[in-house]
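# Sequence first, then the predicted structure:
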Amino acid sequence: MSSGQVIRRAKYKTSVKDAGTPGVLKMNENKLVFRPNDPTSKTKLDVEFRQIKGHKNTKEGSNKPPWLNLTHDQGGSYIFEFESFSDLHVCREFVGNALAKCGEAAKAAPVEKVSSASKAACEQSAVPFSDEQLSTTEMELRMKLLRENSELQKLHKQFVIGGVLTESEFWATRKKLLDGDNDRKLKQRVGFKNSMILDTKPTTDGRTNKVTFNLTPEIKYQIFVLKPAVHQAFLNMVPSKMTEKDFWTKYFRAEYLHSTRNAVAAAAEAAEDEELAIFLKDDDILAREARRKIRRVDPTLDMEADQGDDYTHLPDHGIFRDGSKDISESQQELYRRTLSQDLNRQGAVVLEGRSVDADLEDPRTVAEALVRSRPETDATQEKLNRILRMTEIEDLRASHGHPFAPLCIKDPRDYFEAQQANALKSLDDTRAGTEQMKCSLTTEEAFSSLRKTISKIKTVGLNNPIVRPEVALMVFNGLTQNISSNKYQLGKNPQESILDRLPNATREELLHHWMSIQELLRHFWSSYPITTTYLNTKVSRLKDAMSQIYRQLEEIKESMQSDIRHQVSLLVRPMHQALDAAFQHYDADLHKKSARTGETPNGYV
């Protein structure tokens, strides 16, 4: 694979339920090409990226296979199923970069060279729809959070619907909020009814020998889970060897023979019909699983010795048997199913719960999804997982989320305290290796020394100030103006803040701007360093949104009356400082990139 091209094996699907056409998917910066493995197949694709409006993909760890869904500007879609999620991630990243470049090319191209329809599609794809396919539960959770939190709803409407952020970008910074709601829910999963599906009772009309079994999609799914051999036989036989109706007819014929408790008749019919024998015999897959579990038992445990503890093997104990019927019964043992086996299997399945969240109407889809939900794990990994479940207590364990430092913009007056502590620390470090002199001075001598020091500072100046003079002057002026404005508030409520004295509309607007700035800055700083075209486009959108808020804050400050304009200015100043820092970093990074490539910004020399 070259840097400008991606080649992966994939299946092209016209719909989710389509089996798919296997082939090779090739993508470059301009288009994607799909060629099937079968040269006689007519399923071939040659699509330019400027015709793609967006893309979605399945979430890793879900029950769905690795799908990439590309949305066409005409309303259709192209679905590709990859062999692994690693191939899906590579292609998804490549498609996102290609769509972003398509959007940039559409903006820079002359109007006469680009049609209005294609230009609109490419400009829309400049913000790639990298949102993953969400389950119904996740979608309902997001909608619930938006309904309950009006401020979150305002931010979502402003930035997501406004095109500044995508859905995935907006919710990526709120993992704690989503996980916190999930943690409050009960750790329960929808399971099976604790009724014996193995004892499904038939109905008769009373006039003929016709027996009818009631079969629903739910019962089919439970049969697949309870009996892996029936599940495997369905995948192997339907529809290649028999129809689905014939398959279930043979299965329930076997169930009817089991219900009669006639092992001789079951053995006779199994000898005549090999397909029916699959349902009459013991489940080979469950037997192999049982033998594998026995091999993992501690070798110091003698299970046969435990079986002898019931004294039935000793003389004069138990029921006397001469062994004359053992030979015939051993031949029919293959077709005898005990109640204890049914109860044990039913209990294991009920405790395990559902493992497939799919449409139960199509048995083939359910059977294939059930195969994907059973990953092959070795004995060591299974043992480690079992130990982890036994030792970890969910209520007492620490959170899996990594700790993070929230964005905090402090008062500039805190600068004095920090600088004073640093100066004292550096002073102690410099004096650590020297001998400190202690002397006793009178009041006159100390005053004389202070006068000499002040005179020297006036003449020479302060070489190494503890704080920067310009910062000190700015804070001093701010404190002076604050004191002068507060002297007229004496006698009023001391708990009243500046926001309480503002009109309600202005207060709500300032608080919303503050939350908007925090949201934009969180996404802005997390996008650095800019390594992809997608991040570059995202940062540009964020910068434009922050510039708009910057101007709106200036308009609010200018529209205030003179008696509270200074108070509003004190509120707006930290917001402007935070935005100025972001703009300064953006310009410095842009200048650094221009210098690296030998170009100058804005076309100036």
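Received the coordinates, thanks.
# Buried residues of the one helix or strand Phe80 maps to, list them for me.
In this assignment (DSSP states H and E), Phe80 forms part of strand 77-82. By 16 or more other CB atoms under 10 Å, the buried positions in strand 77-82 come out as 77-82. For every residue, glycine as well, the C-beta is placed using N, CA and C.
# what residue ranges in the stretch 351-500 of the chain score low on pLDDT?
355-360, 374-383, 385-439, 462, 464-467, 479, 481-497 (pLDDT under 70).
# Try it again at 50.
434, 487-491, 494 (pLDDT under 50).
# One more: the stretch 101-250 of the chain?
Across the stretch 101-250 of the chain, the ranges flagged by pLDDT under 50 are 110-131, 186.
# where's Leu510 relative to Ile498, distance?
To Ile498, Leu510 is 10 Å away according to CB to CB, to the nearest Å.
# Are there residues contacting both of these two? Which ones?
The contact sets of Leu510 and Ile498 overlap at 568, 571 (CB atoms under 8 Å, 6 or more residues apart in numbering).
# Between these two, tell me which one has more neighbours.
Leu510 (20 against 17; other CB atoms under 10 Å).
# What is the helix or strand containing Ile549 packed up against?
For Ile549, the host element (DSSP H and E) is helix 533-559. Applying 3 or more CB pairs under 8 Å, 6 or more residues apart in numbering; DSSP states H and E, one finds that helix 533-559 contacts helix 85-108, helix 504-526, helix 562-597.
# average model confidence for it?
Per-residue pLDDT values over helix 533-559 give a mean of 91.
# Equivalent analysis for stretch 13-29, please.
What stretch 13-29 shows for mean pLDDT is 85.
# That stretch: end-to-end distance?
End-to-end span of stretch 13-29 (CA to CA, to the nearest Å): 23 Å.
# Which positions in it come out as buried?
Of the residues in stretch 13-29, 13, 20-23, 25-27 count as buried by neighbour count, 16+ other CB under 10 Å.
# Could you do stretch 66-85 as well?
So, applying 16+ other CB under 10 Å, buried residues of stretch 66-85: 66-71, 73, 77-82, 85.
# Now do the contacts for Phe170.
Phe170 sits in contact with 155-156, 159-160, where contact means CB under 8 Å, 6+ apart.
# now with 10 Å?
Phe170 sits next to 131, 142, 152, 155-156, 159-160, 164, 519, 523 when contact means CB atoms under 10 Å, 6 or more residues apart in numbering.
# Spell out the secondary structure type for it.
What DSSP: H, G, I helix; E, B strand; the rest coil gives for Phe170 is helix.
# Would you quantify the distance from it to Leu152?
Phe170 sits 9 Å away from Leu152, going by CB to CB.
# same check, this time on Glu140
15 Å.
# Same check on Pro39?
Distance from Pro39 to Leu152, by CB to CB: 54 Å.
# Number of residues surrounding Gly96?
Neighbours of Gly96 (other CB under 10 Å): 19.
# quick one: average pLDDT of the strand holding Phe80?
pLDDT averaged over strand 77-82 gives 87.
# returning to what we had before: Glu140 and Leu152: who's more crowded?
Counting neighbours by other CB under 10 Å for Glu140 and for Leu152 shows that Leu152 has the greater number, 18 against 11.
# hang on, isn't that one packed against His512?
No: Leu152 sits out of contact with His512 when judged by CB atoms under 10 Å, with a separation of 11.7 Å.
# Now do the nearest residue to Glu138 once chain neighbours are set aside against Ala172, distance only.
Of all residues not flanking Glu138 in the chain, Leu178 sits nearest, at 7.9 Å (CB to CB, 6 or more residues apart in numbering). Distance, Leu178 to Ala172, by CB to CB: 10 Å.
# Ala588 too?
Separation of Ala588 from Ala172 (CB to CB): 26 Å.
# Between the two, tell me which one has more neighbours.
Comparing Ala588 with Ala172 by other CB under 10 Å, the one with more neighbours is Ala172, at 13 against 10.
# Relative to Tyr534, how far out is that one?
Applying CB to CB to Ala172 and Tyr534 gives a distance of 14 Å.
# Now stretch 297-304: average pLDDT?
On average, the pLDDT along stretch 297-304 is 64.
# was I right about Pro22 contacting Lys11?
Yes: counting by CB under 10 Å, Pro22 touches Lys11, with 5.2 Å between them.
# Common neighbours of these two, please.
36-37, 81, 83.
# of those, closest to Leu99?
Minimum distance to Leu99 across these is 20.5 Å, recorded for Glu81 (CB to CB).
# and the gap between the closest one and Asp87?
Distance from Glu81 to Asp87, by CB to CB: 10 Å.
# Also Gly353?
From Gly353 over to Asp87 the distance is 31 Å, taken as CB to CB.
# Show me which of these two is the more surrounded one.
Asp87 (18 against 12).
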